[in-house]
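> The sequence isn't on hand, but the structure is:
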């Protein structure tokens, strides 16, 4: 297990090899070579030696396999295919703090009474982050990444704070909600009332005429 942006050292140990100055050790991440190392020793008898390489993993390296390869280059007099030995492949687990998927919100989110409200606090992180919401007074608790209110009322006005955390770090996202009056029902009621008044006037005039 590793943490993003921290430095780690890979080590590859080669046992009983000679002549060690002909040895090349290559470190890999997946199929990508990270570095080629050679010994400074000039001994001709078999020796054991360790090679190291510093790495700084990022979240993109999570799940990648690290391994090393030792190759003994003996020149034209040696085998046609130089002896090669590979190490075990070790999968990396890279932990990193939460990062929000959606951009920051405007200072105030305006929504009409009766509409559906979606507050998106989705994030990525390793380990998977958890969500804690601080909601306006008398609002029920919630622990998901997206908060949905199907029919917004004036009681839903206020500040919503989403806290996203895992073992590496914590981030927060704020939503300030302003609920406006839905004027359509009032307009419709006014139109109906106006129509009823006109009908009443028409009936009154009709009755008077006869």
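Here it is on my side, so go on. Treat the numbers as computed from the prediction; the structure is a model and nothing was measured.
> What strand or helix carries the residue positioned nearest the centre of the chain?
Closest residue to the average C-alpha location of the chain: residue 124 at 1.8 Å, with CA atoms, centre = their mean. Using DSSP states H and E, residue 124 maps to strand 123-126.
> Parallel or antiparallel, list what pairs with that strand.
strand 94-100 (antiparallel) (DSSP bridges).
> what lines up beside whatever helix or strand comes next after the strand it pairs with in the sheet?
Sequence-wise, the next helix or strand downstream of strand 94-100 (DSSP H and E) is strand 109-112. Strand 109-112 has its sheet partners listed here by DSSP bridges as strand 170-180 (parallel).
> mind checking how far the strand holding residue 124 is from the chain centre?
Taking the mean of its C-alpha atoms, strand 123-126 sits 3 Å from the chain's own mean (CA atoms, centre = their mean, to the nearest Å).
> swap in stretch 106-114?
Distance, centroid of stretch 106-114 to centroid of chain: 27 Å (CA atoms, centre = their mean).
> Contacts for that stretch next, please.
117, 151-154, 175-182 (CB atoms under 8 Å, 6 or more residues apart in numbering). For every residue, glycine as well, the C-beta is placed using N, CA and C.
> ok, so of those residues, who is nearest residue 141?
Nearest to residue 141 out of the contacts of stretch 106-114 is residue 175 (CB to CB; 15.8 Å).
> from what I can see that closest one touches residue 105, true?
Yes. The pair residue 175 and residue 105 qualifies as a contact (CB atoms under 8 Å) at a distance of 5.7 Å.
> which of the contacts of stretch 106-114 are buried?
Buried subset of those (neighbour count, 16 or more other CB atoms under 10 Å): 117, 152, 175, 177, 179.
> OK, contacts around the first one?
Residue 117 makes contact with 111, 147-149, 152, 156, 177 under the criterion CB under 8 Å, 6+ apart.
> Now with 10 Å, please.
Residues in contact with residue 117 (CB atoms under 10 Å, 6 or more residues apart in numbering) are 109, 111, 147-152, 156, 160, 175, 177, 179.
> next one: the last one
For residue 179, the contacting residues are 109-115, 117, 152-158, taking CB under 10 Å, 6+ apart as the criterion.
> which residues does it bridge with?
Per DSSP bridges, the residues bridged to residue 179 are residue 111.
> For residue 157, see how far away it is.
In this view, residue 179 and residue 157 are 5 Å apart by CB to CB, to the nearest Å.
> pLDDT below threshold where in the chain?
Applying pLDDT under 70 to the chain flags the ranges 77-80, 183-210.
> will you turn the buried ones among the contacts of stretch 106-114 into CSV that also has distance to residue 3?
Listed next are these as CSV, based on distance: CB to CB, whole Å:
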residue, distance to residue 3
117, 37
152, 41
175, 30
177, 36
179, 43
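> for residue 180, what are its contacts?
Applying CB under 10 Å, 6+ apart to residue 180 gives the contacts 110-113, 115, 152, 154, 157.
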